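S.K.: need a structure here:
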Amino acid sequence: MVDIDFFTQEVFPALNQGLVVTLALIIPAGIIGFVGGIVLGCARAFGGPVLRGFGNAYTTILRGVPLAVQLMMIYYALPKIGIYFDAYGAALLSFILCSAAYHSEYVRGALLSIRQGQIRAAQALGMTTFQTILWIVIPQAARRALPGCGNEIVYLIKYSSLAYLVTCMELMGEGKVVASDTFRYTEVFIAVGAYYLVLVTLATWLLRWIEHRTYIPGFGAR
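M.R.: You can find the predicted model right below:
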């Protein structure tokens, strides 16, 4: 028998509070990480040796080091050299840096998929390299990269649950506190999982809607 009072008085209030923090993490991290991924992807695809080398090194490190380790480094190690972040700031920065690295890989692949003939045609019309990338290449590449970047945003929602490792009390952190206080781990973590499932489902629906709205015949699968 389901204990309704337990959920309404203990679980849902705590998880709703954690949900606010989770949204405050994933929304700015998703937006800034996506923009950062575009910049980084452009640097890796069209930059000179220095920019390309920096972008490749950044992506290799951020994709190779586990996110939990990155969180610990930012929150616990950086203060040793005089750089301080609170729990929320450390989690947000870590998610942005990691998300940008993954987005850049999708963006780089999409940028390189644009036919060189279009770039040469734009340059023949008198457009500069910057104008060609900004107005010809990126709009097409963004559509092609959207499914992969959308997948990364879904992952961002799920790995935001690691923020509790640095005492940022989002959904997972609040759920862990309630479960530890009440010893009712099964009920609490089923509820936590349901919250994440709803978030992922809503994000997936929104991303598919964006794909549909930005679809142009001839530019990738619908």
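
S.K.: for the protein, give me the ranges with low pLDDT.
M.R.: 1, 216-222 (pLDDT under 70).

S.K.: go again using 90 as the cut-off
M.R.: For the chain, applying pLDDT under 90 flags the ranges 1-8, 46-48, 110-148, 210-222.

S.K.: tell me what the longest helix along the chain is packed against?
M.R.: What stands out as the longest helix in the chain, according to DSSP state H, is helix 12-46. The contact analysis (3 or more Cβ pairs under 8 Å, 6 or more residues apart in numbering; DSSP states H and E) places helix 12-46 against helix 49-64, helix 87-112, helix 138-159, helix 171-182, helix 185-214. Just so you know, the C-beta spots here come from the backbone N, C-alpha and C atoms, and that holds for glycine as well.

S.K.: now do the fourth one against helix 138-159, angle only.
M.R.: This points to helix 171-182. 10 degrees (axes from the mean of the first three to the mean of the last three Cα atoms, to 10 degrees).

S.K.: make residue 1 into 132 and carry on from there
M.R.: From this message on, residue numbering opens at 132, which makes the last subject helix 302-313.

S.K.: show me how far helix 302-313 is from its chain's centre.
M.R.: Helix 302-313 has its C-alpha centroid displaced from the chain centroid by 24 Å (Cα atoms, centre = their mean, to the nearest Å).

S.K.: got a list of contacts for that helix?
M.R.: Residues from elsewhere that reach helix 302-313 (Cβ atoms under 8 Å, 6 or more residues apart in numbering): 137, 141-142, 145-146, 148-150, 152-153, 291-295, 298, 300, 315-316, 319-320, 322-323, 326-327.

S.K.: looking at the helices and strands packed on helix 143-177, which is buried most?
M.R.: helix 218-243 (a mean of 22; mean count of other Cβ atoms under 10 Å).

S.K.: quick one: that helix to helix 302-313, angle?
M.R.: Using the same axes, to 10 degrees: helix 218-243 against helix 302-313 is 140 degrees.

S.K.: by contact count, what packs against helix 218-243?
M.R.: helix 143-177, helix 180-195, helix 198-203, helix 269-290.

S.K.: so which of those helices gets nearest His234?
M.R.: His234 sits nearest to helix 143-177 of all the helices and strands packed on helix 218-243, at 2.4 Å, using Cβ to Cβ.

S.K.: so the closest one versus helix 218-243, what angle?
M.R.: Relative orientation of helix 143-177 and helix 218-243, computed by the same axes, to 10 degrees: 40 degrees.

S.K.: how far off centre is helix 143-177?
M.R.: Its chain's C-alpha centre and that of helix 143-177 lie 5 Å apart, by Cα atoms, centre = their mean.
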